[in-house]
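Undergrad: let me see the structure of the following:
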Amino acid sequence: MACRITELALDCVDVERLAVFWSEVLGYVEIEREDNGGILIGPPDIGVGGPQPTLYLSPTGDPRPAKLRLHIDVSATDHDQDAELERLLALGATRADVGQSGDESWHVLADPEGNEFCLLRSRVQPV
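TA: Residues are numbered from 1 along each chain as shown. Purely as a prediction, here's the structure:
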């Protein structure tokens, strides 16, 4: 028996801004809003429990203390890495330096709150 990742939770100061950003990045839609201000986003017409994990944006007033120990990797589905990099930067991602050499096949980026994520070279099929 095994488990499957069904949801990723990300603490954030500006839940609305990150919900919009990550929805645009992943092609997700808002699934649910909670009374505490949290927002759950996920694949359209699938909701929770589908083949892709949902993303729960959890409100916090605490600033991020350091580099994340776990980060999200994304891959383009309908165009190459260069075009996807330009799209992500236009959405508000920024380049991040976490000590990479510059020879990597991926790009290290940060979302609008500074949470690192990587854009991989490989293209994948949409789910």
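Undergrad: which SSE is the spatially most central residue of the chain in?
TA: Within the chain, the residue whose C-alpha comes closest to the C-alpha centroid is Trp22; the distance, by C-alpha atoms, centre = their mean, is 5.1 Å. Using DSSP states H and E, Trp22 falls within helix 15-26.
Undergrad: partner strands of the helix or strand that comes right after that helix, with direction?
TA: Sequence-wise, the next helix or strand downstream of helix 15-26 (DSSP H and E) is strand 29-33. Sheet pairing for strand 29-33, assigned by DSSP bridges, gives strand 39-42 (antiparallel).
Undergrad: so how far is the strand it pairs with off the chain centroid?
TA: Centre-to-centre, strand 39-42 and its host chain are 11 Å apart (C-alpha atoms, centre = their mean, to the nearest Å).
Undergrad: quick one: mean pLDDT over it.
TA: In this model, strand 39-42 has a mean pLDDT of 97.
Undergrad: just stretch 64-76 next, same as before
TA: 83.
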